[in-house]
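Novice: Got a sequence here, can you model it:
(one chain, ligands or ions: 2)
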Amino acid sequence: MSRPFELDPLFRAISTLPGVGPKTTPLFEKLVRGGKVVDVLHHKPIDFIDRRFSPKLKDAPNGKIATIEVRVEKHSPAPRRGLPTRVTATDGTGTIDIIFFNANKDWAMKQLPIGEVRIISGKVEHYQGKMQMVHPDMIGLPEERAAIETIEPVYALTAGVTNKTVKKAMQGALGTIPKLPEWLDDAHKKKRSWPDWHKAITILHDPSDETYLSPTHPARERLAYDELLANQLSLALVRLHQRQLNGRAWKSEGALRQKILSTLPFDLTGAQQRTLDEIDTDMQAPLKMLRLVQGDVGSGKTIVAACAMMNVIECGAQAAIMAPTEILARQHKKSFSEWLNAAGISYVTLTGRNKGKEREAILDDIKSGEAQVVIGTHALFQDSIEFKDLGLAVIDEQHRFGVHQRLALSQKSKGTDVLVMTATPIPRTLTLTAYGDMEVSKIDEKPAGRKPIDTRLLPKEKVETMIDAIARQIQKGAQAYWVCPLVEDSEILDLQAAEARYDILRERFGAQVGLVHGKMKAQEKDEIMESFARGDIKILVATTVIEVGVNVPNASIMVIEQAERFGLAQLHQLRGRVGRGSTKSFCFLVYAAGLGQTAKERLRTMRETEDGFIIAEKDLELRGGGEILGTRQSGMPVFKLADLTAHGDLLVTARDDTKLIIAKDENLKSTRGIALKTLLYLFEQDQAIMRLRAG
Ligand code: ADP
Ligand code: MG
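Specialist: Ligands and ions are numbered 1, 2, ... in the order given. Below is the predicted model of the structure:
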């Protein structure tokens, strides 16, 4: 089945809409985050202007939008360039100057001929004892009053696209919207008093009072639900399909795992053991595993992954672990090499850095099966990489990877089980949107002996005192991370800040200070990280390149400058770099003067808890879903109509709805099923649709 023809008008290019020319098209595409008419329709108003307000001039308040009928009295053309053209008009109760800057004066005067009556609508300003309106939004004839006295939606804009342009394009888009089959459950729709899709989208763009802007307005709720349902259904279908692909039942004795465990200087925690049991149960079953392991920083996910890998290695298959960055991949290599050597297992590492002959040799080993374990970065996703028999793919710190990348890896081989590991304690709502109702194991217990981290908030002015304290700790053998702020969109400024701090510390501590930043060559970066790990460097100044997952147990001090600029989840990740050894650890959150209320509350949360889940929930509450992981490139779906902070309950309903749909009609053949396919197309869930087609 290809896209139902009734959706065609929604999938035309934006450039087909009125008022959208070649210049505005790219701007528009950026604004609505897509290139199709449907993307324009999903650009929801953020406010409205009420032009029904029609006072007499003498009563027109300053700063308010008003629609007024006036008679034009006088034209004062701009006396010279740079000065405005002025048209004076009256309604009998007062006079108003209508002002045009840089306007074609003939145009202005033709619009407002002397002696004629016109309706003007725009913002009234009281200026130097007079009343004026600069560039009226609308000018019309008295008989056009009804068309002018309307309520107009106001949209988020971008440079080069005015509200007028969006409105015009939107009118064009709304003029072509089709009637679509109803995909909602009838009873549910009635209970909520939701309108049809067609009506909902029309109402969305025609707000007539405040309530229309509320996320709980029935039209907005319905559209949000549609989006969430499409998300849940698509994830469920993809997953269903994956599970049905001949999964393999891995029967291993556990001998290799035993070998690894016997080299460890510790026992697994109860939570690690429980998670492994859950993984083993999945892997022994003949279905494909797709399991998410959530464990706070330092909870010990890596060893769990290694143990899971042994299940497939023992059966003669390969296993791979993929990290989001070079540094993390190398860190994994370090941990794994000890374990794998002890068990006599061969491995290779593959990152973007391996080039030419070296890379070819690695690829050969992967293809021939010579390499039993492959450790790498997203380089592993590439098509050129062929495994002999990939039994288990572990994706670490996965929130950086998108759904499609995860699928790409799991499709490297027919029966590949997938284990996704994340250190970011994602709130339940976000897990649902990113994975659907996927199995989740939680490592909710830290290895024994970890001491709480003493977190302190510190105004910038006190940095010197803090440095004195750090100096004393370093004398006693401690090590410190010093993270410099992330300046939005400017790696160069980031760097300057870090370099300036480095110079200051260098003066005092000499060669004991190191600097690492994103602009460095990978090799340089590694050298610095390694010399920090060895303890040669005592204070490591870094931009945020000290990624999640780096493990230097002796480091017990974390300084974060301008902490208010970081997301809570990010602060939590950074703080998790310390508190791994046996000594007491400190985290200093340095903030600039003049912090707002919310910013203070956020930092206080950090001081009050080390529980990543509480922090993540708080972050979601204070910043909203899109921001939870710091950036938009987080691999989390971005919703246009739904707002997770307001529509969390709808998400849960969509999850349950999806379960029922799948249970009754997994191929979407019923009447509702067919309508649901239209829904999937509407939200461009092509992946899911392809699964249906294949199945
Ligand atoms: P993360 O979950 O952040 O990836 P790691 O797997 O890097 O954590 O583990 C952090 C540190 O804790 C490592 O040094 C690891 O060897 C150690 N570790 C893991 N499990 C245990 C345990 N059960 N007892 C003590 N230390 C452990
Ligand atoms: Mg890790």
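
Novice: who in the stretch 251-400 of the chain is up against ligand 1?
Specialist: With CB under 6 Å from any ligand atom as the criterion, the stretch 251-400 of the chain meets ligand 1 at residues 266, 268-269, 272, 295, 297-303. The C-beta positions use only the backbone N, C-alpha and C, and glycine is treated the same way.

Novice: I'd like to know which of the residues you listed are buried.
Specialist: 268-269, 272, 295, 297-303 (16 or more other CB atoms under 10 Å).

Novice: For the longest strand along the chain, give the mean pLDDT please.
Specialist: Looking across the chain with DSSP state E, the single longest strand is strand 65-76. Across strand 65-76, the average pLDDT comes to 94.

Novice: and if you look at stretch 123-132?
Specialist: On average, stretch 123-132 scores 92.

Novice: Report the contact partners of whichever residue of the stretch 1-150 of the chain sits closest to ligand 1.
Specialist: The stretch 1-150 of the chain approaches ligand 1 most closely through residue 33 (33.2 Å), counting by CB to the nearest ligand atom. For residue 33, the contacting residues are 39, 638, 640, by CB atoms under 8 Å, 6 or more residues apart in numbering.

Novice: quick check, nearest of those to residue 473?
Specialist: residue 638 (42.6 Å; CB to CB).

Novice: Give me the number of neighbouring residues for the residue lying closest to residue 284 once chain neighbours are set aside.
Specialist: If the residues on either side of it in the chain are set aside, residue 284 comes closest to residue 249, at 5.7 Å by CB to CB, 6 or more residues apart in numbering. Each residue near residue 249 was counted by other CB atoms under 10 Å, and the total is 11.

Novice: got it, and residue 141?
Specialist: By other CB under 10 Å, neighbour count at residue 141 equals 12.

Novice: Please pick out the residue of the protein most distant from its centre.
Specialist: residue 115 (57.4 Å; CA atoms, centre = their mean).

Novice: Nearest residue to that residue in space, please, no chain neighbours.
Specialist: In space, residue 115 is closest to residue 72, 6.5 Å off (CB to CB, 6+ apart).

Novice: Check which residues of the helix or strand containing residue 279 are buried.
Specialist: According to DSSP states H and E, residue 279 maps onto helix 270-284. For helix 270-284, a neighbour-count test (16+ other CB under 10 Å) marks 271-272, 274-276, 278-280, 282-283 as buried.

Novice: can you give me the helices for the stretch 101-250 of the chain?
Specialist: Taking DSSP state H, counting those that start in this stretch as the test, the helices found in the stretch 101-250 of the chain are 105-111, 145-148, 163-175, 186-192, 197-204, 218-244.

Novice: Can you name every helix or strand that the third one contacts?
Specialist: Judged by 3 or more CB pairs under 8 Å, 6 or more residues apart in numbering; DSSP states H and E, the packing partners of helix 163-175 are helix 24-32, helix 37-41, strand 151-154.

Novice: Return the most buried member of these.
Specialist: For the helices and strands packed on helix 163-175, the largest average neighbour count (mean count of other CB atoms under 10 Å) is found in helix 37-41, namely a mean of 24.

Novice: buried residues in the helix or strand that that helix is followed by?
Specialist: The helix or strand immediately downstream of helix 37-41 is strand 47-50, counting by DSSP H and E. Neighbour-count burial for strand 47-50 flags 48-50 (criterion: 16+ other CB under 10 Å).

Novice: so what's the closest residue to ligand 1 within the stretch 101-250 of the chain scoring on pLDDT?
Specialist: Per CB to the nearest ligand atom, residue 250 is where the stretch 101-250 of the chain lies closest to ligand 1, at 22.3 Å. On pLDDT, residue 250 comes in at 93.

Novice: Which residues lie in contact with the nearest residue to residue 347 once chain neighbours are set aside in this structure?
Specialist: Leaving aside its sequence neighbours, residue 347 sits nearest to residue 373 (CB to CB, 6+ apart; 3.9 Å). Contact analysis of residue 373 by CB under 8 Å, 6+ apart lists 309, 313, 318-321, 336, 340, 345-348.

Novice: Which one (most neighbours) among those?
Specialist: residue 309 (30 neighbours).

Novice: now it: how far from ligand 1?
Specialist: 14 Å (CB to the nearest ligand atom, to the nearest Å).

Novice: do the same with residue 563
Specialist: Where ligand 1 is concerned, residue 563 sits at a distance of 21 Å (CB to the nearest ligand atom).
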